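**Student:** just to be clear, the model below is a prediction. Sequence and coordinates:
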Amino acid sequence: MADFKELRATLQRTASNFIDCCNKHTVDAILSLRADTCKHTHLPSSLGIGTYNNAEYGAFYGRFADMMKDCTCRIVDDKEMVVDVESRKVVMHVKNKGSTPLGEYENEYMFILTMTGNGEMIEDILEFCDSAKAIELMKKHQGQMNT
């Protein structure tokens, strides 16, 4: 039973560390907990963002990292974090808020993280976001790039 509890704690710690890495706003940090074969899928699919491997996600994230440096992600409630030890999955509700060069930004997400066997690295990320807020930010960002 100790192994089960230990793995559960490791999964929770890796999920929390994932959010800490998001708050560093660097490509190196955002990729640091990902297994070499990690896939990151943005949902809903109507956003048209799709699934990235690490190199692709690093390039995608790099376009927005500097703009988001004054934003902070936080887990809404650790008690609501769902941890499935058997499947090595963690589900968490996250909010992001802060200032960007394009104005105030606020969004919320549901992340489903699938970890490696030891729970220390992330194999798969499903990221559901408030699509209206994401589209608004992407349009502002595109408009700024066109000026």
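**Tutor:** Done, it's in.
**Student:** buried ones in stretch 81-90?
**Tutor:** By 16 or more other C-beta atoms under 10 Å, the buried positions in stretch 81-90 come out as Met81, Val83, Val85, Arg88, Lys89, Val90. C-betas here are computed from N, CA, C, even on glycine.
**Student:** now do it: distance to the chain's middle.
**Tutor:** 16 Å (C-alpha atoms, centre = their mean, to the nearest Å).
**Student:** now stretch 116-130
**Tutor:** Mean-position distance between stretch 116-130 and its chain equals 8 Å (C-alpha atoms, centre = their mean).
**Student:** sec struct for the closest residue to Met81 other than its chain neighbours, please.
**Tutor:** Distances taken as C-beta to C-beta, 6 or more residues apart in numbering place Met92 nearest to Met81, at 4.8 Å, with adjacent residues excluded. Following DSSP: H, G, I helix; E, B strand; the rest coil, we place Met92 in the strand state.
**Student:** could you pull out the helices for the protein?
**Tutor:** 2-22, 27-31, 54-62, 131-145 (DSSP state H).
**Student:** nearest to Ser45, out of those?
**Tutor:** helix 131-145 (9.9 Å; C-beta to C-beta).
**Student:** where in the protein is pLDDT low?
**Tutor:** Applying pLDDT under 70 to the chain flags residues 1-2, 133-135, 137-147.
**Student:** coming back round to it: contacting residues for the residue nearest to Met81?
**Tutor:** Ala15, Ile19, Ile75, Val76, Glu80, Met81, Val82, Met110, Phe111, Leu113 (C-beta atoms under 8 Å, 6 or more residues apart in numbering).
**Student:** how about Glu120?
**Tutor:** Contacts for Glu120 (C-beta under 8 Å, 6+ apart) come out as Thr10, Thr14, Leu33.
**Student:** isn't the second one right next to Phe111, touching?
**Tutor:** No: counting by C-beta atoms under 8 Å, Thr14 does not reach Phe111; the two are 11.7 Å apart.
**Student:** overlap of the contact sets of the two?
**Tutor:** Val90.
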